[in-house]
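Colleague: structure for this input, please:
(2 chains)
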Protein chains: 2
Amino acid sequence: MSQYMARLGELRSLPRGRGPRSGRDALPQQQRPRLKFGTGRRPRRVAMLSVHTSPLHQPGTGDAGGMNVYIVELAKQLAAHGTEVEIFTRATTASLPGSVELAPGVLVRHIDAGPYEGLAKEELPAQLCAFTHGVMQAWAGHRPGHYDLVHSHYWLSGHVGWLAAQRWGVPLVNAMHTMAKVKNAALAEGDSPEPAARVIGETQIVRAADRLIANTAEEADELVRHYEADPSRTAVVHPGVNLERFCPADGRAAARARLGLPQDALIPLFAGRIQPLKAPDILLRAVALLVAEDPSLRGRLLVPVVGGPSGSGLAKPERLHKLAARLGISDVVRFRPPVDQEELADWYRAASVLVMPSYSESFGLVAVEAQACGTPVIAAAVGGLPVAVRDGVSGFLVDGHEPRAYAEALRRFVTDEPYGPAERMGEAAARHAAEFGWDAAAAGTLQVYADAMHDRRRRLRSAHG
Amino acid sequence: MSQYMARLGELRSLPRGRGPRSGRDALPQQQRPRLKFGTGRRPRRVAMLSVHTSPLHQPGTGDAGGMNVYIVELAKQLAAHGTEVEIFTRATTASLPGSVELAPGVLVRHIDAGPYEGLAKEELPAQLCAFTHGVMQAWAGHRPGHYDLVHSHYWLSGHVGWLAAQRWGVPLVNAMHTMAKVKNAALAEGDSPEPAARVIGETQIVRAADRLIANTAEEADELVRHYEADPSRTAVVHPGVNLERFCPADGRAAARARLGLPQDALIPLFAGRIQPLKAPDILLRAVALLVAEDPSLRGRLLVPVVGGPSGSGLAKPERLHKLAARLGISDVVRFRPPVDQEELADWYRAASVLVMPSYSESFGLVAVEAQACGTPVIAAAVGGLPVAVRDGVSGFLVDGHEPRAYAEALRRFVTDEPYGPAERMGEAAARHAAEFGWDAAAAGTLQVYADAMHDRRRRLRSAHG
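Modeller: Residues are numbered from 1 along each chain as shown, chains lettered A, B, ... in the order given. The predicted structure follows:
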């Protein structure tokens, strides 16, 4: 038996259907991600493409944001589990070295494509050939088969990945992160729509990629609905949560002391942007019902609303204050402007329970962060929240948006016990949230890689009879 | 001696420095283009790239214009001389076949890149990776070495060519045709400048290409001045003139008869856009001087001005009429609106001499067309005109723009002889213009190809010690 056939034999004996399932179907499986790193052949080395934003840039500046954190954390985890990652990004200053080791097994390669400064994101499409040329030059020094797979982020990188994957004969895995059609469908008044060139570009990548990674089931669904993505090639891998930052640390009592909050109060927390979509008003109405039924609660209840007005909430920022006054609970509600990540973790720890009555959530990161800090969650059963919260274990899911239903869920946390439901569910919540660490995201991603490589080999095999 | 070394030995024995020289230096050589097709190794097959406009489209519609004619005529001539050409262009309707034989040895390949309709030229940069992908797919079915050279037209194709040449290990020859910096430097008021993305894209191609082909010495100069092109890699190859359309045909008398012009008149013709740059006023002033000195000329002089107002001439279209009236020569000047190419050839044939007092001409196509019709030319010694006109042989070159100097040149054509200076110089003019046929353009292009291939082999040789 030739080596080739031996390899094929090996492939045939692979267990099937163990990867994260696609789109909506992925939910039950994702609820308990397998932390295995060995189903199917994994790539030894991945070429990761991030044309328009560098993993070395500070998130929150310029074009750098959540995607940068995503790429850095994912690459580190992949490398830690034996898959090397080389991240190609555009050089934005002359002083950058050709390559930088970001972590063991993670190399950032700077590609010359266009001027170092003053190149707007809108001008990048014209630089994709130049970028591809640079990627090919970097690759030319290596043996054939240096990269086993291309993983591109955002549609611009997807186009480079399309050519690179073709050139190297390896699978292309793309993560869109955001999509023009989705953005344009929910365009705020006065916003300019994303250009046709981007819509076309995204459509091409959806067709060309061997696998699409969606951050959430919602996003997978959008890929299928808006771009006619093949559901069998669309996988959901949740981005990870930083479990080092969001952890129980020294516990609830210490966090309350740091924030100057009463130790014995029932503290249902709202954390997030103040806008109708997130529905903080439902929490206030539920609290008002609770207080009306049991006036004794007023003295030992505190409702922090942490976050600033955003989106359509910007139009009437005082609306929520007025509502609290009208409901007669201004004395128990505390409005706090947005806080940094470190203080946010303390607010999560200090709360008895996080309340998320949202009308829509794609993933529900805040719910996972709070649970990771040891705090249970009451959440609307929408979007990704049924995945983020284990109903009855790490918190409660509420169907619909009736304040009464939220009041009933809240009442379960009213207790005089020193170790009550908040504490018990909080421990389960921390355990549950641990599944959403970056190692889980890396495991899910590796499974997608393995599936893409497997499919490609199978296609190759049928092409060879 | 290995086959490789034998090939190198063969290369060493090539005559050097016989190609068209670069930039301004090219002028003396270009004045008498060599009609040889065999200096250096020629490519067997060229991949010609025309992303944004198809050689199958009708010039004068949409984005199709002179460049389309250029590509079609050049490709036909190259194929006629043994170099096959495959032209890659973007498919703009669903009904197009994958490939079309345009002429023996000339194949047009339609590449899927973006939607068939409604894709603006401004959106094409985002489609260059898709186009490249299609080119690579078309190529994948062939043996390695299928194409010996890539010839790209316009900067968009240049970027695709950059990747294709890298992939195939062959030279890249680019023809810019128009340049953003040149366009922006002479921007008419209210015009929007070409975007930075194009300037950057052009700069990259100037650096990346093995050879740049400029249509005129002027253009070569602009490449060097504006884009820091390496003069030794910049060659001038004049586009050809259609010698089948522009030829003496049945001669001057027949043409005058067809146009209803007097057989025995002295007819100095102005043909071109009526704008200050082209200086038709200088011809009128010269004619006025001539008539003032010899009033008997008035009865046997006719000055046709064929063309419409254009550019800055549009502001005051009646200006030239008023000037003729003021000069007292309205009776000898005939204004004619622009005519089609066939009638234009008759005007050239009918004229005693074409007068081009232009302040600037990049190539001077009109001068060559008139000469091809057997008519001598009086031209200002600017731009490409000293190449287009052989002073004292096919016409006269005038330094500066003094009407008196043009009047003196015109007086040389005043004669009663039946076979006078107009006829004698006209025959020399037709012979001279024959050098500007498409076969000459193809010969010049093939020489550039051969030089590019030679250089690349020489570099390869030094890289191998």
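
Colleague: let me see the ranges of the strands in chain A.
Modeller: According to DSSP state E, chain A carries its strands in the segments A:45-49, A:84-90, A:99-103, A:106-111, A:149-153, A:172-175, A:211-214, A:234-236, A:268-271, A:303-306, A:333-336, A:353-356, A:377-380, A:395-398.

Colleague: what lies in contact with the last one?
Modeller: Just to be clear, that refers to strand A:395-398. A:353-354, A:357, A:367, A:371, A:376-381, A:385-386, A:389, A:391, A:405-406, A:409, A:412, A:425, A:429 (C-beta atoms under 8 Å, 6 or more residues apart in numbering or on different chains). Where you see a C-beta, it was placed from the backbone N, CA and C, and this is true even at glycine.

Colleague: redo that, cut-off 6 Å
Modeller: Here strand A:395-398 makes contact (C-beta atoms under 6 Å, 6 or more residues apart in numbering or on different chains) with A:376-381, A:386, A:389, A:391, A:405-406, A:409.

Colleague: ok now that strand, how far from the chain's centre?
Modeller: Using C-alpha atoms, centre = their mean, to the nearest Å, the distance from the centre of strand A:395-398 to the centre of the chain it belongs to is 21 Å.

Colleague: pLDDT (mean, whole number) over that strand?
Modeller: Mean pLDDT, strand A:395-398: 97.

Colleague: just the CA atoms of that strand, as CSV, please.
Modeller: Extracted C-alpha coordinates of strand A:395-398, given in CSV (Å, rounded to 0.1, in the frame of the first residue of the first chain):
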residue,chain,number,x,y,z
GLY,A,395,-29.3,31.1,36.1
PHE,A,396,-32.8,31.3,34.6
LEU,A,397,-34.0,31.8,31.1
VAL,A,398,-37.2,33.8,30.7
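
Colleague: can you list the residues of chain A near chain B?
Modeller: Chain A comes close to chain B at residues A:114, A:123, A:125-126, A:128-130, A:132-133, A:136, A:159, A:162-163, A:166, A:197, A:200-201, A:204, as judged by C-beta under 6 Å from any C-beta of the partner chain.

Colleague: for stretch A:392-407, which positions count as buried?
Modeller: Going by neighbour count (16 or more other C-beta atoms under 10 Å in any protein chain shown), the buried part of stretch A:392-407 is A:394-398, A:401, A:403, A:405-407.

Colleague: before we move on, the earlier item: any chance of a markdown table for the contacts of strand A:395-398, columns distance to A:E435 and pLDDT?
Modeller: Output for the contacts of strand A:395-398, formatted as a markdown table (distance: C-beta to C-beta, whole Å; pLDDT from 0 to 100):
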| residue | distance to A:E435 | pLDDT |
| --- | --- | --- |
| A:P376 | 16 | 98 |
| A:V377 | 15 | 98 |
| A:I378 | 20 | 98 |
| A:A379 | 17 | 97 |
| A:A380 | 21 | 96 |
| A:A381 | 19 | 94 |
| A:P386 | 14 | 90 |
| A:V389 | 12 | 95 |
| A:D391 | 15 | 96 |
| A:A405 | 27 | 97 |
| A:Y406 | 26 | 98 |
| A:A409 | 23 | 97 |
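
Colleague: which one of those is nearest to B:L327?
Modeller: Taking C-beta to C-beta as the measure, B:L327 sits nearest to A:A380 out of these, at 88.2 Å.

Colleague: partners of that closest one in the sheet?
Modeller: Beta-bridge pairing of A:A380 under DSSP bridges involves A:V398.

Colleague: so who does it touch?
Modeller: So A:A380 contacts A:357-358, A:398 (C-beta under 6 Å, 6+ apart).

Colleague: swap the cut-off to 8 Å and go again
Modeller: Contacts of A:A380 by C-beta under 8 Å, 6+ apart are A:279, A:356-359, A:361, A:397-401.

Colleague: and A:W155, by the same measure?
Modeller: A:176, A:180, A:198, A:201-202, A:205.
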